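Peer 1: Next input, structure requested:
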Amino acid sequence: MLTKLTIRNFKRFTSAEIELGNPVVFIGPNNSGKTTALQAIALWEVGLRRSTINRKDLFAVPVPNTNLLWKDLQVQDVRIEIVVEGVTGDRPWTYGLGFEYANEESLYCRSLENTAALPEAFTARVVFLAPMSALADREFFMQPGEIGLLMRAAPPRSSGISAFESYTMAKRGGRR
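Peer 2: Residues are numbered from 1 along each chain as shown. Coordinates of the predicted model:
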């Protein structure tokens, strides 16, 4: 299980530490970094298996030019660092990777000096599911606390309706 993510110089993050648990739910406004955090984990997983990465290898982080992965597009003398901590069995591990710009099509990946390549890190498998969008014709703005209220008001999943239908019904005051 992954327990912590540390990101430096990746897309919108200069530096960020994100505690992970079981389960993890990222909630926030548009452009707050939810997808970027997930893409960092996906890039880290690709880096576990390759030392040279072509942008086309990045299914979870599609980019027309690899410089778009860097904070403020600054690629000169700036390394993206992604450190993931986890637990496999009862054994905790930490493994960090650094990514350096090669050209608009490629980047290089190296282990960070301060982390050891533990076998447990290489057993981590990440599957990136793209964010769900276009489920409705507009996005509702939610006041603080409203999400919890909607979750408590939603009918049980066994009622034969989807989570989206349940959300829509709650927004409409229980009407289908």
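Peer 1: Please make it C-alpha for all contacts and neighbour counts, starting now.
Peer 2: Fine.
Peer 1: so which strand or helix has Y108?
Peer 2: Per DSSP states H and E: Y108 is located in strand 106-111.
Peer 1: I7 and R79 touch, don't they?
Peer 2: No. Contact between I7 and R79 fails when scored by CA atoms under 8 Å: they sit 10.8 Å apart.
Peer 1: Now name the helix or strand holding the residue most central in space within the chain.
Peer 2: For the chain, L38 is the residue whose C-alpha lies nearest the centre (CA atoms, centre = their mean; 0.6 Å). Secondary structure from DSSP H and E places L38 in helix 34-49.
Peer 1: so that helix versus strand 106-111, what angle?
Peer 2: Going by axes from the mean of the first three to the mean of the last three CA atoms, to 10 degrees, helix 34-49 is angled at 70 degrees with respect to strand 106-111.
Peer 1: buried residues in the following helix or strand past helix 34-49?
Peer 2: Sequence-wise, the next helix or strand downstream of helix 34-49 (DSSP H and E) is strand 52-54. Of the residues in strand 52-54, T52, I53, N54 count as buried by neighbour count, 16 or more other CA atoms under 10 Å.
Peer 1: and if you look at stretch 71-81?
Peer 2: For stretch 71-81, burial by neighbour count (16+ other CA under 10 Å) applies to K71, V75, V78, R79, I80, E81.
Peer 1: With stretch 106-121 instead?
Peer 2: Of the residues in stretch 106-121, those buried by neighbour count under the rule 16+ other CA under 10 Å are S106, L107, Y108, C109, R110, S111, L112, A117, E120, A121.
Peer 1: OK, contacts around the third one?
Peer 2: Neighbour list for Y108: S51, T52, I53, F99, E100, Y101, A102 [criterion: CA atoms under 8 Å, 6 or more residues apart in numbering].
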